[in-house]
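In: return atomic coordinates for the entry below.
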Amino acid sequence: MTTKILVLCTGNSCRSQIAEGYLKYFASDKAEIYSAGVETHGVNPRAIAIMNEDGINISNHTSNNINEYQSIDFDFVITVCDNAKKRCPFFPTKAKKLHYNFPDPAKANGTEEEILEEFRKVRNQIKEFCFNFTKENL
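Out: From the prediction side, this is the model:
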């Protein structure tokens, strides 16, 4: 049986999309990875760009609402922002819940390069988290 993992964020546009990309990469065929938000904001173009820089294509990802996954019995639910944890404290599943509050790169200000640098910084934090998660749990 394949492990099912859900990554939750507020808008399913940046952090959860990046985490989904890395979890799919590191887990390979050992898990089914989903991501969702308590809202849907579309996949952030900068998230797509900085993941491409690291050789991972998330341009075909979709922004999904948590309600779309009510029927899936997840093994892990990972919230990647405090807002999602607060707004979605109950998920009807036996899933082990993990939480890590990554900064929101979409709130970065400055020049385009400064904003992209913030996206890269958060991407690298998420990459390390996902690598360690798959090593410890799959």
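
In: centre-most residue in the chain?
Out: S16 (1.9 Å; CA atoms, centre = their mean).

In: across the sheet, point out what pairs with the residue nearest to that one when sequence neighbours are not counted.
Out: Among residues not flanking S16 along the chain, C9 sits closest, at 3.6 Å (CB to CB, 6 or more residues apart in numbering). For glycine as for every other residue, the C-beta is placed from the backbone atoms N, C-alpha and C. Per DSSP bridges, the residues bridged to C9 are G37.

In: pull the number of nearby residues for C9.
Out: The burial count assigned to C9 is 31, neighbours taken as other CB atoms under 10 Å.

In: from S71, how far off is it?
Out: Distance, C9 to S71, using CB to CB, to the nearest Å: 21 Å.

In: quick check, L98 in a strand?
Out: Yes. Counting by DSSP: H, G, I helix; E, B strand; the rest coil, L98 is part of a strand.

In: the residue lying closest to it once chain neighbours are set aside: neighbouring residues, count only.
Out: Closest residue in space to L98, ignoring its immediate chain neighbours: I78 at 4.7 Å, by CB to CB, 6+ apart. For I78, the neighbour count with other CB under 10 Å is 26.

In: on that earlier part again, which elements pack onto the helix or strand harbouring the residue nearest to the centre of the chain?
Out: Here S16 sits within helix 15-27, counting by DSSP states H and E. The helices and strands touching helix 15-27, judged by 3 or more CB pairs under 8 Å, 6 or more residues apart in numbering; DSSP states H and E, are strand 3-9, strand 31-37, helix 45-53, helix 112-137.

In: contacts for whichever helix or strand comes after the third one?
Out: So that's helix 45-53. Per DSSP H and E, the first helix or strand lying C-terminal to helix 45-53 is strand 76-79. For strand 76-79, contacts defined as CB atoms under 8 Å, 6 or more residues apart in numbering pick out 3-9, 19, 85, 88, 91, 93, 95-100, 133, 137.
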